[in-house]
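1. Provided below are the primary sequence and the corresponding predicted coordinates.
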Amino acid sequence: MFSVGVNTWVWVSPLTGEDLVRLAPRVAAWGFDVIELPVERVDDWDPRWAAGLLEELGLKASVVLVMPPGRELVAADAETVRSTQEYLRRCVDAAVAVGSPVIGGPAYASVGRTWRMSDEERRACYAELRKNLTPVGEYAAERGVTVAVEPLNRYETSLINTVEQAVEAVGGIPGVGLALDVYHMNIEERDPAAAVRRAGELVAHVQVCANDRGAPGADHLDWPALVGALRAVDYRGPLCIESFTAHNRSIATAASIWRPLAASQDLLATDGLAFLRGLRDLPATTPAE
């Protein structure tokens, strides 16, 4: 059975300590197992303090990294790469403090940055990424954390859009796995369940939502096939709802959320939780193919 989580982006951006005091008790009362904590800036919330709050509430945590313009591990100057590596290490430190086994997100280039590449240029970018991500992965592995690299859709990056590209780019780097987000997979993968199986043991984190970023289940996705594939690769982590609010100007613009995706953000979370609870309880014989 998969645990179920929800990202605080459903309500706010950036997450602050004050927000966490308000949101975490509600998330726990609804019955979520995990609360997903974005690190937009390393001082937005105090990880050690957050760990105490979540322990009191019986919540586990997952940590997501954020790549705005200026955070780059490829095709950037040395100082930008160095500062991005340092930011990712601080995300690892936050994960250690709150007990998250992963930091997940597009740990390669800023979201929205796209450029054309020949096959040769792409291979060179992947080689550069491996060089620059390896010390971060080693830092994470030493602390029991996995850097879960997330493929994004073609409108948000031109570097890693599919599981196949992600495996080519970062497969085999110590301390590095994959974060799979069904929103992006629905756009880029011809067969999302087959892509999960292609990722195999590299699957370190999974984010879920409807195909329109609404509550999971209110969509056309083949959820039984996805669950079967996750079971086939022995994924043991949470299914974390990641969506966004149209009422926060900065995040609505960044995530292209131009209309409400549910009657309320609370209902987006609780309806998704109810659906995922039923989904995770499907019989173990659910076909993986």
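-> It's in. Numbers count the residues shown, from 1 in each chain.
2. Any stretches of this protein with poor pLDDT?
-> Residue ranges of the chain with pLDDT under 70: 280-289.
3. Pretty sure Val34 sits against Gly5.
-> Yes. Contact status for Val34 versus Gly5: in contact at 2.9 Å, counting by C-beta atoms under 8 Å. To be clear about C-beta, it is placed using only N, CA and C from the backbone, and glycine gets the same treatment.
4. quick one: which helix or strand includes the spatially most distant residue from the centre of the chain?
-> Distance from the C-alpha centroid of the chain, by C-alpha atoms, centre = their mean, peaks at Glu120 (28.6 Å). Using DSSP states H and E, the element containing Glu120 is helix 119-142.
5. Likewise for Leu226?
-> With DSSP H and E as criterion, Leu226 is part of helix 223-232.
6. Go through that helix and flag the buried ones.
-> Trp223, Ala225, Leu226, Val227, Gly228, Ala229, Leu230, Arg231, Ala232 (16 or more other C-beta atoms under 10 Å).
7. from those, which single one is nearest Leu59?
-> Leu230 (21.9 Å; C-beta to C-beta).
8. quick one: contacts for that closest one?
-> Leu230 makes contact with Phe2, Val196, Val203, Val206, according to C-beta atoms under 8 Å, 6 or more residues apart in numbering.
9. ok, how many other residues are close to the third one?
-> Okay, so that is Val203. Counted by other C-beta atoms under 10 Å, the residues lying close to Val203 total 23.
10. Can you give me the end-to-end span of stretch 69-88?
-> Length of stretch 69-88, first residue to last, C-alpha to C-alpha, to the nearest Å: 15 Å.
11. ugh, typo on my part, it should be stretch 10-18
-> 16 Å.
12. list the buried ones in it?
-> Per 16+ other C-beta under 10 Å, stretch 10-18 contains these buried residues: Val10, Trp11, Val12, Ser13, Pro14, Leu15, Thr16.
13. now swap in stretch 92-110 and tell me
-> In stretch 92-110, counting by 16+ other C-beta under 10 Å, buried: 92-110.
14. how far is that stretch from where the chain is centred?
-> Its chain's C-alpha centre and that of stretch 92-110 lie 9 Å apart, by C-alpha atoms, centre = their mean, to the nearest Å.
15. tell me the SS of Arg82?
-> helix (DSSP: H, G, I helix; E, B strand; the rest coil).
16. switch to numbering from 601
-> Let's use 601 as the start, then, which means that last one is Arg682.
17. and it, how many neighbours?
-> Counted with other C-beta under 10 Å, Arg682 comes out at 12.
18. Same question for Gly744.
-> 12.
19. can you give me the strands for the chain?
-> 604-607, 634-639, 660-665, 702-705, 746-749, 776-781, 803-808, 839-841 (DSSP state E).
20. Can you spell out which helices and strands pack onto the fourth one?
-> Right, strand 702-705. strand 660-665, helix 678-698, strand 746-749, strand 776-781, strand 803-808 (3 or more C-beta pairs under 8 Å, 6 or more residues apart in numbering; DSSP states H and E).
21. 10 Å - rerun?
-> strand 634-639, strand 660-665, helix 678-698, helix 719-742, strand 746-749, strand 776-781, strand 803-808 (3 or more C-beta pairs under 10 Å, 6 or more residues apart in numbering; DSSP states H and E).
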